Structure formats: structure tokens, C-alpha cells
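1. please work out how this folds:
(2 chains)
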Amino acid sequence: MRPWWRGRTVQVAALLAVMWLAYRAFGLEHPWPERLEWNALAGHLNDFQVWLLDRRAADDAGLVFQVFDGFRVLVDDLVTWLTDLLLWATWAGTAAAGTLVVLRFGGYRAALVIAAAFACFAAMGLWEQSVQTLALMLTAVALSLLVGMPLGVLAGRSPRVDRTLTPVLDAMQIVPAFAYLMPVVILFSVGPAAAVVSTMIYAIPPAVRITALGIRGVQPNTVEAAQALGATRVQVLRKVQLPLARRLLLLAVNQTILFALSMVVIAGLIGGRGLGDVVTNGLYSNPALAILGGFAIVIMAIALDRSTEAIANRTDPARRHLTDTLRRRLRLATLATAGGVVAAVAIARAAGAADVYPEEHTAQEWLLARIQSVLDFVQDPTSWVFSLTEPVGTFLLVHLLQPLRAFLVETPWFVTVACLTLIALVLSGRRAGLTVLAMLAGIGVLGEWEAAMDTASQVVVATVLAVAIGLVLGTFAAESRTVSRLLRPVNDVLQTLPQLVYIIPFIYLMPVSIVPGVVAGVLYAFPVVVRLVERGVRDVAPESVEAASAYGATRRQLLAKVKIPLAGDAIMLGVNQGIIMVLAVVVIGGLVGSGGLGYEVAEGLQRNEFGQGVIASLAILGLGIALDRVTRGRRAPRRQGAG
Amino acid sequence: MSEAATVAGPASSSAHTIDRSGEPLIRASGVWKIFGPRADRIVGTPDADLPRAELRAKTGCVAAVRDVSIEVWPGEVFVVMGLSGSGKSTLVRTLIRLIEPTAGQITIAGRDVTAAGRGELRDLRRHDVSMVFQHFGLLAHRRVIDNVAFGLEVQGMPKAERLARAREMLRLVGLEDVENAFPDQLSGGMQQRVGVARAFVVNPKVMLYDEPFSALDPLIRRDMQDEICRLQVETGKTMVFITHDLPEALRLGDRIAIMRDGAIVQLGTPEDLVGSPADDYVANFVRDIPRSHVLTLRWIMRPAAPGEEDGPHLPVGTTVRDAVPAIAASERPVCAVEDGRVVGVVDRTAVLRAIAGEED
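-> Below is the predicted model:
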């Protein structure tokens, strides 16, 4: 169908064969040469950190430091104030207030979900941590929206702004969150502010993208009609574009919340108190508690997702036909809700409810015991679960991960650099080739060649698995509505979870060194591949399918000869997005023994070895850009807001 | 062209008056719109005369409007007609700079539109010109009455006042019962009535219609055309009407400009177009139009010979079709009368020739 496709495959295979020959012939004889490494960099970076800390402590700190410090203090205060407020309202007051507000704007179903979530936090004995996380997150979301929405409006109105912002947003989404923790910590030191800032970096892109999408989605003829009537720009924005984009704007809020929530765990590493802290600390000392904390985060994510989605759909002014009487009634309902919130808090305080749901009434002990018994069971070498998971884990390790790692690490460095550059050239064009060359050289100079190749081998294995699963499930879903319906909720849940939460179960299910990170990467990435493949296969022009059917093609022939080849672009996009998502998870795996670049960042964070941490972060950034460019294909794909 | 049978002559021309005594209300001269990179450098060079495809191959630009000049007089219904892609919608948008013209000069109601600053342009759009759109462009989140009042709201008129005027306007278009409904609850025809009311309520001097009825069913389109004629007669507004539907153009237009590839190929009255098409393109267009429905006595009359002036009298603007009964009933040629004076006579041969479509 496409001769060039076959041509490329052959070329890439040939290049890989060259690498393989070099690997067999010169294995380990040519590691990255030390004279090409810039070893002094770590020392310089450490000196820089010391200088930075000195400067900040100095009385005459410059304007830049004052701005950074002012922002840090402001954010810290905001988070603390919000936490205190939620605690002051007492557990009963907070739960009632949250439920009432959601009831007013999102309907009773969403209110039930929220109430249930509060009940879960209480029952788990994680009330205080949940409130802390909520406060941290709301602050991060509010600030992200404050930055993201105006940018999104500008990008939606002006193609030029959009073109300028797109590469920046792409970069923000390519960089694994784990890689910018170190720099953020240096600028804002450990604490809520650092947690909020790193969350913002992650959560701003979807806010911008979906807002822009909403503004652009407003029918051009309504905007034109308003202009023809002499509306000013501000009038067009306020009276036409914003109200008509309202639903998507609220979905932007929804996605921003979910993106922010998925950073909660990582934020726990750099001073975000709350559930993230429970998870990261418990990881080593109390796995059952870590898992419980993970559940609490998942519950919070689902509750916030459902309620914001309900609010977005119910308050769309273009759909709900507000007449004057209805409007008056709604205004009354809002007043009643406000009154209800005040009353609930007052009654709760008067009745002497505690700040935090009292510990003696929680089911935490019982829950922890249950989780522990499950953990004991799956780790018991005589259990049936173990007999399933252990061989799978070992197979992955012995037959995929270790050989590929050896291949990438031991192949002479110059052969690897040359061949990977050429592969990028073949797949994605000259520019991509040059970028990959620069990134690989940079990684080598940073002295991270071996660690990067280690990480790359894990990423490749996880991506291949994710794409394989995604291709199969995506094709099934495209062919059968039932499969599609069954897969959707699974995909949704898998995409809402914070990245680290994926890893936790596999630490216990497949306790084989680097396997948990890889498996988690597969789980995190395959839903996106499924979705893209499903859409790609389904969107194949019906005429082509009809023509092939008319010639008597069987269903399988249709798939193999028409649909899948024609969906090639969508599949390539799936590979591209999948690889970036896998990288994000695999480096987090460094926290639990995945080695490679992630491990060095984790070390840097935990032992406060700034220089080493930043260097590894830079290498992750380089690897991310290289992997993105190699798989980007000739046509630059647009990353989706929800991707 | 089955709709050809519905052509009922220039329904509006006899019913309203066009004031050609002073200045034209709209004057556009040498208007160009070229889309593409460095479009402004093309006008005035030999490239500008290239056919569309060649221009595109050479410069990457598309000339949507090329060197169009029109004058529209107060009270006139001026129709711009052409197939899709002929540049007619672009042309009407350049008139109020919803699309910036690449070159040319435009004045409306004495204001230099091309030189107007942002504030003056806004003022023009608020008070002098209103536009009705093909896909209505109604605001889905507002009630019908708020949609109609939108132009007044944008001007800053107080709420009570603008709602009162909107209500009055809704009565005029027969929609007083649905003022609290929302656009998506109305049929397409009703939505466009809202669009028309919204444009009328600001009491503009000029109404621009951009294919307002092409999204509607044929029967409803007919109703809406009648409605427009009625409003035109009642208010005497000047209109620029864009359409791709020739019967509609003939029915509404005092004068019609036919556009092709961005340029006007013929500009004239319906009779001019049907009676003497400027080229094969126009001829092809009007081929299926029954000439007797469009041509008037003025078109087929000959000077009266002495003694012929006592035949039956008919106004000179009567269409051939409408004149047939009188001519059939009379032995003598029919006299065409203008301002009480006989200006020519029409005999049976002339009528039969016109109906047969023979060139004279």
C-alpha cells in the first residue's frame, strides 16, 4: 500500500543489524570514553547550589531571590491557610460543605460520589492527610488555571500565539515530572511551594490546550455576527466566546485537577504533605499504609473527576435554557447552599466535632490488616498468584530486559550514536536526526551514557509491550462496540491514577528488580495506544473498506490489508505518546530499584546530592527529547490535552 | 432547474423607490482580496491578471475578489450572485471589513470604511450596517429576545429599553410567542427570522444578507423571500443580498452582479441578464429561466407607429407573461405606458418571440 513504509522498515532493520554485529564483535570494548565526559560539572553544580543558598540567606538578597522567596512564602501560606480552614471547619463541616456545593452545581449523583469519598477518607483514618492533599491540590490547580486559562484564551484567539506556545507546551509534557523535581527544589527549597510549582509545570499544559480548544470551538459565524454588530474584542470574548466555550473551560478545570492529582505522590517527595507523603514514606517502612494512601488518592481522583465533569455538563449555558424564573430559582438555590454550608460548619463546631475524624472510629487497623494479608499471600512462594507472576517477571527480566540492556550498553558507543541518529533520520527526517545526535552526545558528555542506555532499554521493552497490547485491544475495540464499551472505564481509571500508584502493586506482585517499573509503564501507556489505534482504525475512510469488501475480502483481510495499514499514522502517534508516558513511569521506578537515570535522581533527592541529581535530570530530558523525535514521524503530531 | 418555474419577476422593483438623485449609499471601487503570503504585493503587478490556478501555482496566493467596483443606491436591492468559491461572500465581508480588503476603496453612507479606525469601524457596524448570516450565527446560550437585543446591548443600551425594542421587532417578524425560547428550540426558518430581527432592530441604513436562506427548505425559503420583500417595502432599507440561487436573485434584485472567480462578469437588471447575457457563462446560467417571466414590455417594445397609440394600455414594467392575456384579447398592439405617456408598443409577434427565446 505504501512503498516508503516498507523501505523504511528495511532501512531501520539494516541499521539495527549493524549495531548487532558491532555488539557481537566488540561487546564492552568501547564504552563512552572518559575523556569525553565533563566530570567537573557535578562539582560546579554543587558549588552553584551552595552559592545560591548563601545568596538567599544573605540580607541583601537580589531582586530575583526576593521574587522567588516571595512566591514561595505566598504559596506556603496559601496551602497552610487552606489546610487550616478545612480543619477548622471540622471533619463533619468540611464533608457537609463539599457535598452541598457539589449537590448545587453537579447534581445528586455527583454529590453522592463526593460524600462517599469523604466517608472513605474518614474510614481509612487518613482525614488529615486527605485534607492536606486537597488544600495543596486546590492551590496548585488555582494557580495553574490562573496562568493557563488566559494563555489558552490568547492561543485560542490568535494562531500566532498558538504556534509560539505549542513547542513550549510540548516540552513541558515530554519532560518526565521526575526530572524537574531537583531544579524546582533548588529554587524553592523543600516544602509546599516546591510541590505546588512542580505540579503546576505538569498541570498547566492541559489547562492551556483545552481552553484554547474551547475558544476555537466556538462557531466562527457567531463570533463574526457579534463583530458585524460592532462588538468590541472584550465584548466578543465576554458575551460570546467565554459563555459558549464554558463547558470545555470547565473540562479544562477537570483535566487540570486530574493532572495535578497525578503529581500528588511525586510532590510528596519534595515536601508536599498529605497522601503523597503517606505513599512515598510507606513505600519503604509500611507498604500496607502506602497502598491504603494510594487507594485514597484514587478515590479522590475519581470523586473530583466525576463531580467536575457533572458540573461542566450541567452548567453549560448553551444547553440548559435559562429563563428568568429559572435563573431566579437557581440564584435562590445558590443562596440556600451558601447558607447550608455556613450552618453545617456552625452546627458541627457547636456540636464539638473534631478537626480530624476521630481515630478510634476509623477502620484503618482492619483495612491495614486486610491489605497486609493480601500482600503476604501474593508474596508467599507457595501461592498460585506467585506461580503466575514470578515466571512472567523472570521471563521479562531474563529474556527481554537483560539482553536489551546488554545490547544497548555494550555496543560500541560510536556505533550506537551513529545508528540511532540514522534511524531517527529515516523515520522522522533530518531535523529529528540532528536533534537525536545532539541529545545522545549531550548524555554522553554528562557522563550518563550507561545509565541512559539502561533506562532506554527499559523504555523500549515497556513501549513494545504497551504498543502490542494497545494494537490488539485497539483493533478489537474498533471492530466491536461491546469491547469498546468494556474497555473505556478501564482506560479511564488507568489514566487517572498517579504514576507511582501503578508501580506499588507490582513491587509485591513481581518483586524482580526492574520489572515493577516496566510493568507499570506498560499499564500507564497502553490505554492511550488503545485509544489512538481504535480511533485510527475506525476513522479509515469507509469507501476504502467498502471497496475492499466489494472485492470479497474477509474480515481479517480487511484488517490486515486495508484498515491497519491506513491507520499507520495513528499507530505511529500511539508509539510516540506511549514512549513518552513509559519514560515518565520508568524513571519514577528509580525510587523502587529500577536503576538507570531514575535511580540517580532518586539518590540525588534523598541524599541531597544536588549536582548528580540535576545531571541525571538533564539526561532524562535529553533521552525524552531523543525518544520523542525518533518516533515523531514525518508529520509532527499534536499532543492531545488529555494525553 | 425546476425552481425556474417559480420565478415571478422582479417582485420588489415596482413596489419600492430607488433614490438615484444624490450619492450612492455604498461605493466600492477597485476592491481586491487576495489570501496568501505577501498578498499586498500582488495587486498592480501583472501577476494580478493571471487566472486563479496560475496565480496560485506561482505565488501561493488565492485571489478571492479581484478588482470589483459597485455602487448601491439608497433603497436599492443589490444582489451579488455566483457559484460557491466565486468570492461573493468574501466581497460582502470586505464591505464592513470583517475581512480586510487587500486593495481598493469603500465608502458607506459617506464614511470612508477603508480608512476608518477601529472605533469608527465599530460605530459603522453598530449603527449603519447590519448583516444576516447563512448559518444564522445566533448565540446558543441566550434567549431569542436576548439574541435580538444583542446589537443594542453591544451599543450599551439599558436593558429595559433594548428588550422593549427587541420585543417590538419580534412582533414585526411574527415571533412574539417564542421570545423566551432558545435558538436550538426553533426551526431553521424561525432561527433565520431571529437573525433578520437582530439585524433590523438596530435600524441600520444598509442590510447585508450573506446567503441567508440557502440553509433552508425550498418552501420556507419562499416564505422568507416574501418576508424580506415585505420588510424592504415597509422600511425602504438598502440591501446587499448574496445568493447562489438565480431565481432568488431575479426575484429580489433591482440589479444583479454575477461573479465568477472573484470578478464581476456582468452587472445589470434581471432583464439585462436574461435578455442579453454578457458572455457564455452568464448565458449558461440564465438558460433555463423562462424569459417571459423576467423580461418586461420595455425590453420587447418598439416605437409606436402613428395611430397605434390607442391600443390597450399596460405599464411598461409589466412582464411579458403578465401581458399575455391583454395582448391575446386585443386585435391591436398593446401600448407600454410610463408616467402616463405611451413609450412604445408590443405586438403578438414580439411576445411570441420573447417566449420562444429567440434573439432579436
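
2. so which residues on chain A come close to chain B?
-> By the rule C-beta under 8 Å from any C-beta of the partner chain, the part of chain A lying against chain B is A:219, A:221-222, A:224-232, A:235, A:239-240, A:243-244, A:246, A:317-319, A:321-324. Quick note: C-beta positions are derived from backbone N, CA and C, even for glycine.

3. quick one: furthest residue from the center of chain A?
-> Distance from the C-alpha centroid of chain A, by C-alpha atoms, centre = their mean, peaks at A:Tyr551 (45.1 Å).

4. quick check: residues of chain B near chain A?
-> B:96, B:98, B:122-127, B:129-131, B:133-141, B:143, B:150-151, B:153-155, B:180, B:182, B:184-185, B:195, B:198, B:202, B:208.

5. hmm, 7 Å instead?
-> Residues of chain B found near chain A (C-beta under 7 Å from any C-beta of the partner chain) are B:96, B:98, B:122-123, B:125-126, B:131, B:133, B:135, B:137, B:139-141, B:143, B:150-151, B:154, B:180, B:182.

6. and those, which of them are buried?
-> Among the residues of chain B next to chain A, the ones that count as buried by 16 or more other C-beta atoms under 10 Å in any protein chain shown are B:96, B:98, B:122, B:125-126, B:131, B:133, B:135, B:137, B:139-141, B:143, B:150-151, B:154, B:182.

7. what's the neighbour count on A:Val483?
-> Other residues near A:Val483 come to 17 when the count uses other C-beta atoms under 10 Å in any protein chain shown.

8. the helix or strand hosting A:Tyr524 packs against which elements?
-> In the assignment (DSSP states H and E), A:Tyr524 maps to helix A:515-538. Secondary-structure packing of helix A:515-538 (3 or more C-beta pairs under 7 Å, 6 or more residues apart in numbering or on different chains; DSSP states H and E): helix A:449-479, helix A:481-496, helix A:499-509, helix A:568-588.

9. just these: most buried one?
-> Highest mean neighbour count among those (mean count of other C-beta atoms under 10 Å in any protein chain shown): helix A:568-588, with a mean of 26.

10. quick one: low-confidence ranges for the stretch 51-200 of chain B?
-> Judged by pLDDT under 70, the stretch 51-200 of chain B has no weakly predicted residues.

11. could you pull out the strands for the stretch 151-300 of chain B?
-> Secondary structure of the stretch 151-300 of chain B (DSSP state E, counting those that start in this stretch): strands at B:206-210, B:238-243, B:255-260, B:263-268.

12. nearest to B:Thr17, of the ones you listed?
-> B:Thr17 lies closest, by C-beta to C-beta, to one member of these: strand B:238-243, at 11.6 Å.

13. residue 104: neighbour count?
-> Answering for chain A, as no chain was given. Using other C-beta under 10 Å, A:Arg104 has 19 other residues around it.

14. that's the other chain; I wanted chain B
-> Other residues close to B:Gly104 by other C-beta under 10 Å number 18.

15. and it, what does it touch?
-> With C-beta atoms under 7 Å, 6 or more residues apart in numbering or on different chains as the criterion, the residues that contact B:Gly104 are B:Ala28, B:Ser29, B:Gly30, B:Val31, B:Trp32.

16. ok, B:Leu163 - how many residues close by?
-> B:Leu163 has 18 neighbours, counted by other C-beta under 10 Å.

17. nope, A:His399 is what I meant
-> Other residues lying near A:His399 total 10 when counted by other C-beta under 10 Å.

18. hang on, A:Gly352 in a strand?
-> No - A:Gly352: not assigned to a strand; according to DSSP: H, G, I helix; E, B strand; the rest coil it is coil.

19. next, the angle helix A:481-496 makes with the helix holding A:Tyr524.
-> Using axes from the mean of the first three to the mean of the last three C-alpha atoms, to 10 degrees, the inter-axis angle of helix A:515-538 relative to helix A:481-496 is 140 degrees.

20. tell me the gap between the helix or strand that comes right after helix A:515-538 and the middle of its chain.
-> Downstream of helix A:515-538, the next assigned helix or strand under DSSP H and E is helix A:542-550. Distance of helix A:542-550 from its chain centroid, counting by C-alpha atoms, centre = their mean, to the nearest Å, is 39 Å.

21. just the buried residues of helix A:542-550, please?
-> A:Val545, A:Ala548.

22. packing partners for the helix or strand that that helix is followed by?
-> Next helix or strand after helix A:542-550 toward the C-terminus (DSSP H and E): helix A:555-557. In terms of contacts (3+ C-beta pairs under 7 Å, 6+ apart), helix A:555-557 is not packed against any helix or strand.

23. chain center to the very next helix or strand once past helix A:555-557, what's the gap?
-> The C-terminal neighbour of helix A:555-557 among helices and strands, as given by DSSP H and E, is helix A:564-566. The chain centroid and the centroid of helix A:564-566 are separated by 29 Å, computed with C-alpha atoms, centre = their mean.

24. thinking again about what came up before, now list the buried members of the residues of chain A next to chain B.
-> Among the residues of chain A next to chain B, the ones that count as buried by 16+ other C-beta under 10 Å are A:219, A:221-222, A:224-231, A:235, A:239-240, A:243-244, A:246, A:317-318, A:321.

25. show the backbone phi and psi for the residue nearest the centre of chain B.
-> Per C-alpha atoms, centre = their mean, the C-alpha nearest to the average position across chain B is that of B:Val79, at 2.4 Å. Here is the backbone geometry of B:Val79 (degrees, to the nearest 10): phi -110, psi 130.

26. cool, thanks, talk later.
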